[in-house]
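Asks: Just need the structure, nothing else, for what follows:
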Amino acid sequence: MEVDETRAGALIDWVARQPDLPLLAASQVEDAVAELRDGGWETWLAGRSARGRAMHALAWEPDRPSLSVAAYGYPHPDEPAGSTALLMLARAINRGDLPPGLEDVAWHLMLCADPDQAARNDGWVRDPSLESYLRGNWRPLYLHLEVDYHFPIDHEPLLQPRSWAPQGLPKPLPESLAVADMIARARPDVLGLMHGNHASGAYSYFTHRPRRSLVAAFDESARKLGVAAHLGERPDPGKRWQTRRPDLLKERRLADRLKRMRRLFGDLEGQRVIGCVSVAQYAESLDPNTMTLTPEIGMFAIPGIDDLSPSGQQRQVTIANQQTRKGPRKATRGVMVMPDGSRHETLYHMTAATPGMPPTTETVAITRGMAGVEAVELRRFFLAHADRIWEGYREQLTVDSPRLRERKLIRVPAARVNDPSMLIFRADPAYQRPATVSQLADLRVRWGLQTCLWLGHGLQLYQEQGAIEAAAEQAKLLDWAQATLLPGGLTLVRPGRQARSQLARLLLSALAR
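Replies: Residues are numbered from 1 along each chain as shown. Model prediction:
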């Protein structure tokens, strides 16, 4: 699990030499598979998507492989960089340019794990920019269409058959079954989920805690490949996160899940529990030693994401004790000027009360929690406007579509969006520390981009429904949000850099095994 510095450096240099590639669109995958087949890769049909699109797996197996690595791109339909990275690797192997230190590895690749949904992003992937991204992005959140989380399993006491599930639970997607069959054939020592994200620096998730030498190699790869390391906020509020250390994969490992089930339900001997598992848990059920890796790189770069110096920004706040349902608490409040010019009293922090403390007004350094609260408040402001447009026009929308079905499934009004995050920002002691430049930029810009993407989803919904007036109102709202939340400095990470960053992390992890 350790990585020799010299070997890691040679591997990073190899990645840096690979030719630039544009982002690989879903519609180009079949041609890419045919090209690789002609170059010597074995291809086989792992399955078909819900709409019948072929899902080919690629295999390159030396006579006596020392290691098996499996990886797939487009785990989410708006994340093309990982697929581009795998194409970069496969073409290099076709040329006989094998990664140094990994010459005898067996490779099992799938360029696109979600072809139906990814096809809806073809326009902006072929011509990526902030405008095309915001106005052409498709990523379902509420329709149980995430390929990574619907895997079958037969690992006592867990059971999820391939073809059915009890009412109310999603059965495995055909796309997930195709990925499962590729993994079952590969039996990988390393499994790469080639994800990406909206905006950030480079970071990774693991199921196994990486050694210091691998973390150092990741940092070095970011420096050499011209991308920033992610030193901003936690990718998922409330999850463990240490600056300059990759996080553990979000999903619980299978063994941890089984322990928790036994604590909840007692002895499950002879009984079966129905339920899909994540791809990481599925791979663990085949081989508990499989290390699952998720390399991440932002589509857009945030200035200052790797700057750990203090932000220097301040806020004027009022600090006073107040009575709550849980007893007296010390509340820190400030006033935000909202985008429409209105003034909004905002609760920043809630901590243990100080007996006898009189109310005071102070100027303090902005904390991580304050920045997070402000990001949520701005998100709520714009999404509340979007809700009003939706309520005014929803009865006119009659053409069935995935966008309309998804929008109708949303039950939480914008005024309550991100409530769990708001609680963390206000109550977690770690969020009372002054914010660094990286944390401030991350909370503002990354959350702002997510807000604009959601508004862009609404714009596309009204456009496809022919609701001209609603689309015009939504377009104005998106322009307003973009000007307020993304005032400049957000730049597209060159596709080649995105792909190389992800590829380097996959290869370094294989080298560590």
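Asks: in the chain, which ranges drop under the pLDDT threshold?
Replies: Applying pLDDT under 70 to the chain flags the ranges 1, 237-240, 247-251.
Asks: Kindly confirm whether my reading is correct that V437 touches P310.
Replies: Yes: the pair V437 / P310 is scored as a contact, 7.5 Å apart, by CB atoms under 8 Å. Backbone N, C-alpha and C define where each C-beta goes, glycine included.
Asks: out of the two, which sits in the busier spot?
Replies: V437 (20 against 13; other CB atoms under 10 Å).
Asks: From Q313, how far out is the more buried one?
Replies: In this view, V437 and Q313 are 9 Å apart by CB to CB, to the nearest Å.
Asks: Give me the domain ranges for the chain.
Replies: Residue ranges for the domains of the chain, per automatic domain parsing: 5-143+174-257+279-302+494-512, 314-489.
Asks: among the ones you listed, which is the most enclosed?
Replies: domain 5-143+174-257+279-302+494-512 (a mean of 20; mean count of other CB atoms under 10 Å).
Asks: Output the contacting helices and strands for the helix ranked longest in the chain.
Replies: The residue-count maximum for a helix in the chain (DSSP state H) belongs to helix 368-393. Counting contacts by 3 or more CB pairs under 8 Å, 6 or more residues apart in numbering; DSSP states H and E, helix 368-393 is packed against strand 327-337, strand 343-352, helix 419-427, helix 437-441, helix 447-465, helix 468-485.
Asks: again, only this time at 10 Å
Replies: If contacts are counted by 3 or more CB pairs under 10 Å, 6 or more residues apart in numbering; DSSP states H and E, helix 368-393 sits against strand 314-324, strand 327-337, strand 343-352, helix 402-409, helix 419-427, helix 437-441, helix 447-465, helix 468-485.
Asks: Could you list every helix and strand in contact with the fifth one?
Replies: Contacting helix 419-427 under the criterion 3+ CB pairs under 10 Å, 6+ apart are the following elements: strand 327-337, strand 343-352, helix 368-393.
Asks: Try it again at 8 Å.
Replies: Applying 3+ CB pairs under 8 Å, 6+ apart, we find helix 419-427 packed against strand 343-352, helix 368-393.
Asks: now do the third one
Replies: When contacts are defined as 3+ CB pairs under 8 Å, 6+ apart, strand 343-352 sits against strand 314-324, strand 327-337, helix 368-393, helix 419-427.
Asks: will you turn these into TSV that also has distance to Q482?
Replies: Listed next are the helices and strands packed on strand 343-352 as TSV, based on distance: least, CB to CB, whole Å:
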stretch	distance to Q482
strand 314-324	25
strand 327-337	19
helix 368-393	10
helix 419-427	22
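Asks: nearest to A199, of those?
Replies: Closest to A199 of the helices and strands packed on strand 343-352, according to CB to CB: helix 368-393, at 12.9 Å.
Asks: Which one of the helices and strands packed on strand 343-352 lies nearest to G192?
Replies: Across the helices and strands packed on strand 343-352, G192 has its closest neighbour in helix 419-427 (28.6 Å, CB to CB).
Asks: Residues in contact with the closest one: which ones?
Replies: Here helix 419-427 makes contact (CB atoms under 8 Å, 6 or more residues apart in numbering) with 237-238, 347-351, 368-370, 372-373, 376, 431.
Asks: Can you report phi and psi for the residue sitting nearest the centre point of the chain?
Replies: Centroid check for the chain by CA atoms, centre = their mean gives N197 as the closest residue, at 4.7 Å. Main-chain torsions, N197, degrees, to the nearest 10: phi -150, psi 180.
Asks: Show me the beta-bridge partners of it.
Replies: G298 (DSSP bridges).
Asks: right, and the helices and strands packed on strand 343-352 - which one's nearest A10?
Replies: Closest approach to A10 among the helices and strands packed on strand 343-352 is made by helix 368-393 (38.7 Å; CB to CB).
Asks: The residue of the chain positioned farthest from its centre in helix, strand or coil?
Replies: What lies farthest from the middle of the chain is G356; by CA atoms, centre = their mean that is 45.9 Å. Assigned with DSSP: H, G, I helix; E, B strand; the rest coil, G356 falls in the coil class.
Asks: Look up how far T324 lies from it.
Replies: 18 Å.
Asks: So which residues make contact with stretch 178-190?
Replies: With CB under 8 Å, 6+ apart as the test, stretch 178-190 has contacts from 46-49, 55, 57, 59, 67-70, 72, 106, 108, 110, 113, 147, 151-152, 172, 191, 279, 282-283, 286-287, 289-291, 293, 506, 509-510, 513.
Asks: Equivalent analysis for stretch 210-226, please.
Replies: By CB under 8 Å, 6+ apart, stretch 210-226 touches 1-5, 8-9, 12-13, 15-16, 201-202, 204, 228-229, 244-246, 497, 500-501, 504-505, 508-509, 512.
Asks: tell me which element T43 is part of?
Replies: Using DSSP states H and E, T43 maps to strand 42-48.
Asks: Can you name every helix or strand that that strand contacts?
Replies: Using 3+ CB pairs under 8 Å, 6+ apart: strand 42-48 touches helix 29-39, strand 54-60, helix 174-186.
Asks: Tell me the strands beside it, with direction?
Replies: strand 54-60 (antiparallel).
Asks: In helices, which of the contacts of stretch 210-226 fall?
Replies: If you go by DSSP H, the contacts of stretch 210-226 have 5, 8-9, 12-13, 15-16, 497, 500-501, 504-505, 508-509, 512 in helices.
Asks: coming back round to it: looking at the domains of the chain, spot the one closest to P161.
Replies: Nearest of the domains of the chain to P161, taken as CB to CB: domain 5-143+174-257+279-302+494-512 at 10.9 Å.
Asks: End to end on that closest one, go ahead and measure it.
Replies: End-to-end distance for domain 5-143+174-257+279-302+494-512: 11 Å, by CA to CA, to the nearest Å.
Asks: Please compute how far it lies from its chain's middle.
Replies: For domain 5-143+174-257+279-302+494-512, the distance from its own C-alpha centre to the chain's C-alpha centre is 12 Å (CA atoms, centre = their mean, to the nearest Å).
Asks: Number the residues from 790 up from this point.
Replies: Sure, I'll start numbering at 790, so the last one becomes domain 794-932+963-1046+1068-1091+1283-1301.
Asks: can you redo the helices and strands packed on strand 831-837 as TSV with distance to V1153?
Replies: Formatted as TSV, the helices and strands packed on strand 831-837 follow (distance: least, CB to CB, whole Å):
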stretch	distance to V1153
helix 818-828	52
strand 843-849	54
helix 963-975	49
